[in-house]
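J.: Let me see the structure of the following:
(one chain, ligands or ions: 2)
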Amino acid sequence: MTRIDGLINREFLCECGRAHFVPIQEIRSWDGPIPPVAFDGIFPETIGRSALMLCDAHTKECANDGVAKTLRDGGWKLKVREFVRDRLVNDEAAVGAAVLDADSGVDVIIAVGGGTVTDLGRFVASRVGKPFALVMTCPSMDGYASNIAAVSIDGRRRIFKDCRYPEAIFCETRVMRGAPPDLIRSGFGDMLGKRASLPDWVMSRHFTGERFCKRVAALMDESSMRCINGLDGINSRAAAEIGTLTEALLLAGLSMAMLNDTRPVSGSEHMFSHFMVESAMDAGLNVSHGATVAFGTLISTLLYEYLLDGLEPADLAPISGELRKYLLPSRRVADLLVASGIGAGVQRHLYGGDIAGMIRACSSPGKRYTVLRYLADSGHLDRSIRYALNALEEIGEGA
Ligand SMILES: [Zn+2]
Ligand SMILES: [Zn+2]
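T.: Numbering: from 1, shown residues only. Ligands and ions are numbered 1, 2, ... in the order given. Below is the predicted model:
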(Lines give C-alpha, C1' and ligand atoms only; values in the text may rest on other atoms or scores of the structure.)
(Ligands and ions follow the chains in the order given, each with its own letter.)
Protein backbone atom coordinates (compact mmCIF):
# COMPACT_ATOMS: atom_id res chain seq x y z
CA MET A 1 0.00 0.00 0.00
CA THR A 2 2.55 2.47 -1.20
CA ARG A 3 0.18 5.43 -1.33
CA ILE A 4 -0.48 4.94 2.37
CA ASP A 5 3.08 4.46 3.59
CA GLY A 6 4.07 8.08 3.07
CA LEU A 7 1.12 9.33 5.12
CA ILE A 8 1.46 7.47 8.41
CA ASN A 9 3.78 7.76 11.38
CA ARG A 10 5.57 10.86 10.12
CA GLU A 11 4.75 14.51 10.47
CA PHE A 12 4.80 16.65 7.36
CA LEU A 13 4.11 20.31 6.82
CA CYS A 14 1.39 20.66 4.21
CA GLU A 15 0.77 23.54 1.81
CA CYS A 16 -2.54 24.08 3.64
CA GLY A 17 -0.43 25.49 6.45
CA ARG A 18 -0.92 22.65 8.87
CA ALA A 19 1.39 19.89 10.01
CA HIS A 20 -0.33 16.56 9.36
CA PHE A 21 0.48 13.56 11.52
CA VAL A 22 -1.27 10.20 11.69
CA PRO A 23 -0.14 8.14 14.70
CA ILE A 24 -0.50 4.70 13.08
CA GLN A 25 2.70 2.61 12.93
CA GLU A 26 1.86 0.30 10.09
CA ILE A 27 -0.84 -0.54 7.53
CA ARG A 28 -0.26 -3.68 5.47
CA SER A 29 -1.99 -6.39 3.48
CA TRP A 30 -0.79 -9.87 2.57
CA ASP A 31 -1.79 -12.19 -0.28
CA GLY A 32 -1.35 -15.14 2.10
CA PRO A 33 -1.86 -15.43 5.87
CA ILE A 34 -0.64 -12.64 8.16
CA PRO A 35 2.77 -13.81 9.42
CA PRO A 36 3.41 -14.04 13.20
CA VAL A 37 6.19 -11.42 12.99
CA ALA A 38 3.65 -8.85 11.76
CA PHE A 39 2.67 -8.07 15.35
CA ASP A 40 6.28 -7.55 16.49
CA GLY A 41 7.42 -3.99 16.84
CA ILE A 42 4.06 -2.28 16.43
CA PHE A 43 3.40 -1.83 20.16
CA PRO A 44 5.65 0.05 22.60
CA GLU A 45 8.57 -2.11 23.78
CA THR A 46 7.48 -1.91 27.41
CA ILE A 47 4.22 -3.67 26.57
CA GLY A 48 3.91 -7.38 27.39
CA ARG A 49 2.71 -10.13 25.06
CA SER A 50 -0.74 -10.84 26.34
CA ALA A 51 -3.58 -9.99 23.98
CA LEU A 52 -7.35 -9.91 24.10
CA MET A 53 -8.78 -10.69 20.68
CA LEU A 54 -12.30 -9.36 19.98
CA CYS A 55 -14.18 -10.89 17.07
CA ASP A 56 -17.55 -11.94 15.73
CA ALA A 57 -18.41 -15.62 15.16
CA HIS A 58 -19.35 -14.79 11.53
CA THR A 59 -15.66 -14.42 10.66
CA LYS A 60 -14.54 -17.49 12.62
CA GLU A 61 -13.47 -19.63 9.70
CA CYS A 62 -12.23 -16.94 7.33
CA ALA A 63 -10.25 -14.91 9.86
CA ASN A 64 -10.57 -15.44 13.63
CA ASP A 65 -8.96 -18.87 13.82
CA GLY A 66 -6.13 -17.87 11.48
CA VAL A 67 -5.31 -14.66 13.35
CA ALA A 68 -5.46 -16.50 16.71
CA LYS A 69 -2.98 -19.06 15.36
CA THR A 70 -0.73 -16.30 14.03
CA LEU A 71 -0.68 -14.59 17.42
CA ARG A 72 -0.05 -17.81 19.35
CA ASP A 73 2.71 -18.80 16.88
CA GLY A 74 4.20 -15.38 17.51
CA GLY A 75 4.44 -16.09 21.22
CA TRP A 76 1.37 -14.16 22.34
CA LYS A 77 -0.68 -15.31 25.29
CA LEU A 78 -4.20 -15.00 23.93
CA LYS A 79 -7.69 -14.58 25.31
CA VAL A 80 -10.46 -14.64 22.69
CA ARG A 81 -13.91 -13.02 23.01
CA GLU A 82 -15.94 -14.28 20.06
CA PHE A 83 -19.43 -12.73 20.01
CA VAL A 84 -22.03 -15.24 18.90
CA ARG A 85 -25.08 -13.02 18.44
CA ASP A 86 -26.82 -13.09 15.06
CA ARG A 87 -25.89 -9.49 14.56
CA LEU A 88 -23.41 -7.80 16.85
CA VAL A 89 -24.33 -4.31 18.01
CA ASN A 90 -21.90 -2.24 20.06
CA ASP A 91 -24.36 -1.83 22.91
CA GLU A 92 -23.88 -1.81 26.67
CA ALA A 93 -23.72 -5.62 26.80
CA ALA A 94 -21.00 -5.93 24.14
CA VAL A 95 -18.91 -3.06 25.52
CA GLY A 96 -19.34 -4.39 29.07
CA ALA A 97 -18.24 -7.91 28.13
CA ALA A 98 -15.16 -6.60 26.34
CA VAL A 99 -14.22 -4.27 29.22
CA LEU A 100 -14.58 -7.13 31.72
CA ASP A 101 -12.24 -9.24 29.56
CA ALA A 102 -9.69 -6.44 29.24
CA ASP A 103 -8.39 -6.92 32.78
CA SER A 104 -4.94 -6.08 34.14
CA GLY A 105 -3.47 -9.26 32.63
CA VAL A 106 -4.21 -7.99 29.12
CA ASP A 107 -1.55 -5.83 27.47
CA VAL A 108 -3.06 -5.14 24.06
CA ILE A 109 -6.37 -5.50 22.25
CA ILE A 110 -6.63 -6.99 18.76
CA ALA A 111 -9.94 -6.46 16.97
CA VAL A 112 -10.64 -8.83 14.09
CA GLY A 113 -13.63 -7.94 11.95
CA GLY A 114 -15.56 -5.25 10.10
CA GLY A 115 -16.77 -1.85 11.21
CA THR A 116 -18.69 -2.97 14.28
CA VAL A 117 -16.00 -5.15 15.84
CA THR A 118 -13.20 -2.72 15.06
CA ASP A 119 -15.24 0.16 16.55
CA LEU A 120 -15.73 -1.96 19.65
CA GLY A 121 -11.99 -2.64 19.87
CA ARG A 122 -11.19 1.04 19.36
CA PHE A 123 -13.71 2.18 21.96
CA VAL A 124 -12.80 -0.40 24.62
CA ALA A 125 -9.04 0.06 24.10
CA SER A 126 -9.56 3.80 24.61
CA ARG A 127 -11.64 3.36 27.74
CA VAL A 128 -9.27 0.87 29.39
CA GLY A 129 -6.13 2.67 28.16
CA LYS A 130 -4.50 -0.17 26.24
CA PRO A 131 -2.98 -0.06 22.74
CA PHE A 132 -4.73 -1.97 20.00
CA ALA A 133 -4.44 -3.20 16.44
CA LEU A 134 -7.04 -4.05 13.81
CA VAL A 135 -7.32 -6.93 11.40
CA MET A 136 -9.92 -5.89 8.80
CA THR A 137 -12.13 -8.59 7.35
CA CYS A 138 -14.14 -6.56 4.83
CA PRO A 139 -13.83 -3.34 2.79
CA SER A 140 -17.11 -2.01 4.19
CA MET A 141 -16.52 1.52 5.50
CA ASP A 142 -13.93 4.24 5.81
CA GLY A 143 -13.48 4.47 9.56
CA TYR A 144 -10.80 1.81 10.07
CA ALA A 145 -7.88 4.25 10.07
CA SER A 146 -9.65 6.75 12.32
CA ASN A 147 -10.08 7.52 16.01
CA ILE A 148 -13.88 7.51 15.80
CA ALA A 149 -16.15 4.77 17.13
CA ALA A 150 -19.92 4.29 16.93
CA VAL A 151 -21.44 2.84 20.09
CA SER A 152 -25.09 2.30 20.89
CA ILE A 153 -26.35 3.61 24.24
CA ASP A 154 -30.00 3.29 25.34
CA GLY A 155 -30.78 2.17 21.80
CA ARG A 156 -29.35 5.34 20.21
CA ARG A 157 -26.22 5.41 18.09
CA ARG A 158 -23.53 7.69 19.54
CA ILE A 159 -20.31 8.70 17.85
CA PHE A 160 -17.19 9.00 20.01
CA LYS A 161 -14.53 11.11 18.33
CA ASP A 162 -11.89 10.93 21.03
CA CYS A 163 -10.77 7.33 20.75
CA ARG A 164 -7.27 5.94 20.15
CA TYR A 165 -5.83 5.26 16.74
CA PRO A 166 -4.88 1.64 16.04
CA GLU A 167 -1.14 0.97 16.22
CA ALA A 168 -1.51 -1.16 13.11
CA ILE A 169 -4.11 -2.19 10.54
CA PHE A 170 -3.64 -5.51 8.76
CA CYS A 171 -5.65 -7.48 6.27
CA GLU A 172 -5.44 -10.50 4.00
CA THR A 173 -6.40 -9.99 0.35
CA ARG A 174 -8.16 -13.37 0.26
CA VAL A 175 -10.42 -12.43 3.20
CA MET A 176 -11.28 -9.02 1.75
CA ARG A 177 -12.22 -10.59 -1.60
CA GLY A 178 -14.40 -13.16 0.16
CA ALA A 179 -16.38 -10.59 2.18
CA PRO A 180 -20.19 -10.70 1.89
CA PRO A 181 -21.49 -8.69 -1.13
CA ASP A 182 -23.51 -6.23 0.96
CA LEU A 183 -20.40 -5.24 2.91
CA ILE A 184 -18.36 -4.68 -0.26
CA ARG A 185 -21.25 -2.61 -1.64
CA SER A 186 -21.27 -0.60 1.55
CA GLY A 187 -17.60 0.24 1.11
CA PHE A 188 -18.22 1.29 -2.46
CA GLY A 189 -21.13 3.47 -1.32
CA ASP A 190 -18.96 5.17 1.28
CA MET A 191 -16.40 6.05 -1.42
CA LEU A 192 -19.11 7.21 -3.86
CA GLY A 193 -20.13 9.62 -1.09
CA LYS A 194 -16.99 11.69 -1.67
CA ARG A 195 -18.69 13.04 -4.84
CA ALA A 196 -20.91 15.00 -2.42
CA SER A 197 -18.66 15.53 0.61
CA LEU A 198 -15.97 17.25 -1.47
CA PRO A 199 -18.26 19.87 -3.09
CA ASP A 200 -19.85 20.43 0.32
CA TRP A 201 -16.39 21.15 1.73
CA VAL A 202 -15.76 23.65 -1.09
CA MET A 203 -19.11 25.34 -0.33
CA SER A 204 -18.17 25.69 3.32
CA ARG A 205 -14.72 27.07 2.47
CA HIS A 206 -16.34 29.65 0.18
CA PHE A 207 -19.22 30.71 2.41
CA THR A 208 -17.91 30.18 5.95
CA GLY A 209 -14.14 30.40 5.49
CA GLU A 210 -13.65 26.83 6.69
CA ARG A 211 -10.09 25.57 6.27
CA PHE A 212 -9.45 23.45 3.23
CA CYS A 213 -6.60 21.11 2.35
CA LYS A 214 -6.01 20.69 -1.39
CA ARG A 215 -3.83 17.66 -0.83
CA VAL A 216 -6.49 15.78 1.15
CA ALA A 217 -9.23 16.84 -1.28
CA ALA A 218 -7.16 15.55 -4.21
CA LEU A 219 -6.48 12.30 -2.37
CA MET A 220 -10.20 11.71 -1.79
CA ASP A 221 -11.13 12.83 -5.31
CA GLU A 222 -8.68 10.41 -6.87
CA SER A 223 -9.46 7.50 -4.51
CA SER A 224 -13.18 7.86 -5.06
CA MET A 225 -12.80 7.97 -8.86
CA ARG A 226 -10.55 4.89 -8.82
CA CYS A 227 -13.33 2.96 -7.07
CA ILE A 228 -16.02 4.29 -9.42
CA ASN A 229 -13.98 3.43 -12.51
CA GLY A 230 -13.17 0.02 -11.02
CA LEU A 231 -16.76 -0.95 -10.17
CA ASP A 232 -16.85 -3.89 -12.61
CA GLY A 233 -13.74 -5.34 -10.96
CA ILE A 234 -15.16 -4.68 -7.50
CA ASN A 235 -18.36 -6.49 -8.49
CA SER A 236 -16.38 -9.49 -9.75
CA ARG A 237 -14.08 -9.35 -6.68
CA ALA A 238 -10.95 -8.96 -8.78
CA ALA A 239 -7.88 -8.73 -6.57
CA ALA A 240 -6.74 -5.41 -8.05
CA GLU A 241 -10.05 -3.59 -7.61
CA ILE A 242 -10.84 -4.99 -4.16
CA GLY A 243 -7.33 -3.77 -3.26
CA THR A 244 -8.18 -0.36 -4.72
CA LEU A 245 -11.37 -0.17 -2.65
CA THR A 246 -9.59 -1.29 0.52
CA GLU A 247 -6.83 1.26 0.01
CA ALA A 248 -9.35 4.03 -0.76
CA LEU A 249 -11.28 3.34 2.45
CA LEU A 250 -8.05 3.40 4.45
CA LEU A 251 -6.98 6.64 2.77
CA ALA A 252 -10.35 8.16 3.70
CA GLY A 253 -9.66 7.29 7.33
CA LEU A 254 -6.20 8.83 7.03
CA SER A 255 -7.74 11.97 5.51
CA MET A 256 -9.88 12.38 8.62
CA ALA A 257 -6.86 11.70 10.80
CA MET A 258 -4.70 14.26 8.96
CA LEU A 259 -7.24 17.01 9.58
CA ASN A 260 -8.63 15.64 12.84
CA ASP A 261 -12.04 16.20 11.28
CA THR A 262 -14.50 14.11 9.27
CA ARG A 263 -15.06 17.01 6.83
CA PRO A 264 -13.20 15.58 3.79
CA VAL A 265 -15.24 12.37 3.86
CA SER A 266 -18.57 13.41 5.28
CA GLY A 267 -21.01 16.05 4.05
CA SER A 268 -24.72 16.22 3.28
CA GLU A 269 -24.71 12.62 2.00
CA HIS A 270 -23.59 11.38 5.45
CA MET A 271 -26.22 13.55 7.16
CA PHE A 272 -28.82 11.80 5.03
CA SER A 273 -27.26 8.45 5.84
CA HIS A 274 -27.35 9.09 9.59
CA PHE A 275 -30.99 10.15 9.29
CA MET A 276 -31.85 6.96 7.36
CA VAL A 277 -29.92 4.71 9.75
CA GLU A 278 -31.63 6.27 12.78
CA SER A 279 -35.09 6.12 11.20
CA ALA A 280 -34.51 2.43 10.55
CA MET A 281 -33.21 1.84 14.09
CA ASP A 282 -36.33 3.47 15.53
CA ALA A 283 -38.36 0.93 13.59
CA GLY A 284 -36.15 -1.92 14.77
CA LEU A 285 -34.61 -2.30 11.31
CA ASN A 286 -31.06 -2.25 10.07
CA VAL A 287 -29.88 -0.43 6.94
CA SER A 288 -26.37 -0.31 5.54
CA HIS A 289 -24.18 2.74 6.23
CA GLY A 290 -22.56 2.75 2.80
CA ALA A 291 -25.76 2.04 0.88
CA THR A 292 -27.51 4.96 2.59
CA VAL A 293 -24.46 7.16 1.95
CA ALA A 294 -24.69 6.25 -1.74
CA PHE A 295 -28.39 7.01 -1.89
CA GLY A 296 -27.74 10.24 0.03
CA THR A 297 -25.14 11.11 -2.62
CA LEU A 298 -27.81 10.83 -5.30
CA ILE A 299 -30.04 13.29 -3.41
CA SER A 300 -27.17 15.73 -2.78
CA THR A 301 -26.21 15.52 -6.46
CA LEU A 302 -29.77 16.36 -7.51
CA LEU A 303 -29.79 19.39 -5.20
CA TYR A 304 -26.50 20.60 -6.70
CA GLU A 305 -27.91 20.00 -10.17
CA TYR A 306 -30.90 22.19 -9.35
CA LEU A 307 -28.51 24.93 -8.28
CA LEU A 308 -25.80 24.70 -10.92
CA ASP A 309 -27.82 23.74 -13.99
CA GLY A 310 -31.10 25.47 -13.17
CA LEU A 311 -30.73 28.41 -10.88
CA GLU A 312 -27.09 29.39 -11.50
CA PRO A 313 -26.95 31.95 -8.65
CA ALA A 314 -24.27 34.62 -8.98
CA ASP A 315 -22.65 33.88 -5.61
CA LEU A 316 -21.81 30.35 -6.75
CA ALA A 317 -20.10 31.52 -9.95
CA PRO A 318 -16.60 31.73 -8.41
CA ILE A 319 -16.70 28.07 -7.34
CA SER A 320 -19.05 26.46 -9.86
CA GLY A 321 -16.14 25.01 -11.88
CA GLU A 322 -14.60 23.52 -8.76
CA LEU A 323 -17.94 22.06 -7.63
CA ARG A 324 -18.50 20.48 -11.05
CA LYS A 325 -15.04 18.92 -10.90
CA TYR A 326 -16.16 16.77 -7.98
CA LEU A 327 -19.82 16.22 -8.86
CA LEU A 328 -20.99 13.45 -11.17
CA PRO A 329 -24.16 13.80 -13.28
CA SER A 330 -27.13 12.50 -11.28
CA ARG A 331 -27.88 9.98 -14.02
CA ARG A 332 -24.37 8.52 -13.57
CA VAL A 333 -24.79 8.34 -9.78
CA ALA A 334 -28.12 6.55 -10.27
CA ASP A 335 -26.53 4.12 -12.75
CA LEU A 336 -23.72 3.41 -10.27
CA LEU A 337 -26.26 2.71 -7.52
CA VAL A 338 -27.94 0.14 -9.75
CA ALA A 339 -24.71 -1.33 -11.14
CA SER A 340 -23.26 -1.79 -7.65
CA GLY A 341 -26.42 -3.53 -6.42
CA ILE A 342 -27.18 -0.79 -3.88
CA GLY A 343 -30.32 0.29 -5.75
CA ALA A 344 -31.76 3.73 -6.44
CA GLY A 345 -35.24 3.24 -4.95
CA VAL A 346 -36.29 5.35 -1.97
CA GLN A 347 -38.11 2.49 -0.28
CA ARG A 348 -34.93 0.46 0.05
CA HIS A 349 -33.15 3.08 2.08
CA LEU A 350 -35.51 5.41 3.94
CA TYR A 351 -38.02 3.79 6.26
CA GLY A 352 -41.25 5.73 5.78
CA GLY A 353 -39.93 7.25 2.56
CA ASP A 354 -40.29 10.93 3.53
CA ILE A 355 -37.42 12.40 1.51
CA ALA A 356 -38.69 15.99 1.87
CA GLY A 357 -38.81 15.65 5.66
CA MET A 358 -35.30 14.21 5.69
CA ILE A 359 -33.85 17.02 3.54
CA ARG A 360 -35.51 19.63 5.78
CA ALA A 361 -34.25 17.97 8.98
CA CYS A 362 -30.69 17.82 7.64
CA SER A 363 -30.70 21.47 6.58
CA SER A 364 -31.65 22.86 9.96
CA PRO A 365 -29.44 25.53 11.55
CA GLY A 366 -26.60 24.20 13.66
CA LYS A 367 -25.79 21.39 11.24
CA ARG A 368 -22.47 21.30 9.40
CA TYR A 369 -22.42 23.72 6.42
CA THR A 370 -23.30 21.92 3.19
CA VAL A 371 -25.37 22.52 0.07
CA LEU A 372 -28.37 22.07 2.36
CA ARG A 373 -27.58 25.12 4.47
CA TYR A 374 -26.94 27.15 1.34
CA LEU A 375 -30.35 26.16 -0.05
CA ALA A 376 -32.07 26.95 3.26
CA ASP A 377 -30.29 30.28 3.76
CA SER A 378 -30.96 31.44 0.18
CA GLY A 379 -34.67 30.51 0.28
CA HIS A 380 -34.41 27.81 -2.40
CA LEU A 381 -34.97 24.76 -0.24
CA ASP A 382 -38.62 24.04 -1.10
CA ARG A 383 -38.12 24.32 -4.85
CA SER A 384 -34.96 22.22 -4.75
CA ILE A 385 -36.80 19.53 -2.77
CA ARG A 386 -39.56 19.44 -5.39
CA TYR A 387 -36.93 19.11 -8.10
CA ALA A 388 -35.20 16.25 -6.28
CA LEU A 389 -38.46 14.41 -5.59
CA ASN A 390 -39.53 14.61 -9.24
CA ALA A 391 -36.12 13.44 -10.41
CA LEU A 392 -36.10 10.54 -7.93
CA GLU A 393 -39.50 9.47 -9.17
CA GLU A 394 -38.21 9.38 -12.73
CA ILE A 395 -35.07 7.51 -11.75
CA GLY A 396 -36.83 4.83 -9.68
CA GLU A 397 -35.23 1.41 -9.50
CA GLY A 398 -34.77 1.07 -13.23
CA ALA A 399 -32.20 3.86 -13.63
ZN1 LIG B 1 -19.07 6.76 5.93
ZN1 LIG C 1 -2.98 19.84 4.28
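J.: Which residue ranges of this protein form strands?
T.: Counting by DSSP state E, the chain has strands at residues 12-13, 19-20, 26-30, 50-56, 77-83, 108-113, 132-136, 149-153, 156-160, 168-172.
J.: for those, which one sits closest to ligand 2?
T.: With CB to the ion, the closest approach to ligand 2 among these belongs to strand 19-20: 5.6 Å. Backbone N, C-alpha and C define where each C-beta goes, glycine included.
J.: Output the contacting helices and strands for that closest one.
T.: On a contact count with 3 or more CB pairs under 8 Å, 6 or more residues apart in numbering; DSSP states H and E, strand 19-20 meets strand 12-13.
J.: could you redo the last one with a cut-off of 6 Å?
T.: In terms of contacts (3 or more CB pairs under 6 Å, 6 or more residues apart in numbering; DSSP states H and E), strand 19-20 is not packed against any helix or strand.
J.: Parallel or antiparallel, list what pairs with it.
T.: Strand 19-20 sits in its sheet next to strand 12-13 (antiparallel), going by DSSP bridges.
J.: So what sits opposite Leu78 in the bridge?
T.: Judged by DSSP bridges, the bridge partners of Leu78 are Ala51.
J.: That one and Ser50 touch, don't they?
T.: No: in this structure, Leu78 is not within contact of Ser50 by CB atoms under 6 Å, at 7.8 Å.
J.: out of these two, which sits in the busier spot?
T.: More crowded of Leu78 and Ser50, by other CB atoms under 10 Å: Leu78, with 18 against 15.
J.: check contacts around the more buried one.
T.: Leu78 makes contact with Ala51, Leu71, Arg72, according to CB atoms under 6 Å, 6 or more residues apart in numbering.
J.: Tell me the confidence at it?
T.: Leu78 carries a pLDDT value of 97.
J.: what's the neighbour count on Ala150?
T.: By the measure other CB under 10 Å, the count of residues near Ala150 is 21.
J.: which residue packs closest to the spatially most central residue of the chain, ignoring adjacent ones?
T.: Centroid check for the chain by CA atoms, centre = their mean gives Asp142 as the closest residue, at 2.7 Å. Nearest residue to Asp142, sequence neighbours excluded (CB to CB, 6 or more residues apart in numbering): Ala252, at 3.6 Å.
J.: Any stretches of the protein with poor pLDDT?
T.: By pLDDT under 70, the low-scoring segments of the chain are 1-2, 397-399.
J.: Alongside ligand 2, which residues does it contribute?
T.: Residues of the chain lying near ligand 2 by CB under 5 Å from the ion: Cys14, Cys16, Cys213, Arg215.
J.: how far away is the last one from Glu15?
T.: The one in question is Arg215. 7 Å (CB to CB, to the nearest Å).
J.: which helices and strands sit right next to the longest helix belonging to the chain?
T.: What stands out as the longest helix in the chain, according to DSSP state H, is helix 239-259. The helices and strands touching helix 239-259, judged by 3+ CB pairs under 6 Å, 6+ apart, are helix 173-177, helix 181-192, helix 214-229, helix 231-235.
J.: any chance of the strands of the chain in JSON lines, plus distance to Arg331?
T.: Formatted as JSON lines, those follow (distance: least, CB to CB, whole Å):
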{"stretch": "strand 12-13", "distance to Arg331": "40"}
{"stretch": "strand 19-20", "distance to Arg331": "36"}
{"stretch": "strand 26-30", "distance to Arg331": "35"}
{"stretch": "strand 50-56", "distance to Arg331": "38"}
{"stretch": "strand 77-83", "distance to Arg331": "42"}
{"stretch": "strand 108-113", "distance to Arg331": "36"}
{"stretch": "strand 132-136", "distance to Arg331": "33"}
{"stretch": "strand 149-153", "distance to Arg331": "33"}
{"stretch": "strand 156-160", "distance to Arg331": "33"}
{"stretch": "strand 168-172", "distance to Arg331": "34"}
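J.: So for Gly41, which of the ones you listed sits nearest?
T.: Closest to Gly41 of the strands of the chain is strand 26-30 (CB to CB; 8.3 Å).
J.: strands paired with the closest one, and their directions?
T.: Here strand 26-30 is paired, per DSSP bridges, with strand 168-172 (parallel).
J.: still on that earlier bit, quick one: the residue nearest to the centre of the chain and Leu254 touch, right?
T.: No: using CB under 6 Å, Asp142 is not in contact with Leu254; the gap is 9.6 Å.
J.: Which residue, other than its chain neighbours, is closest to the residue of the stretch 51-200 of the chain at minimum distance from ligand 2?
T.: The minimum distance from the stretch 51-200 of the chain to ligand 2, using CB to the ion, falls at Leu198 (14.4 Å). Spatial nearest neighbour of Leu198, excluding adjacent residues (CB to CB, 6+ apart): Tyr326 at 4.1 Å.
J.: Pretty sure the one you found sits against Ala196.
T.: No: counting by CB under 6 Å, Tyr326 does not reach Ala196; the two are 8.2 Å apart.
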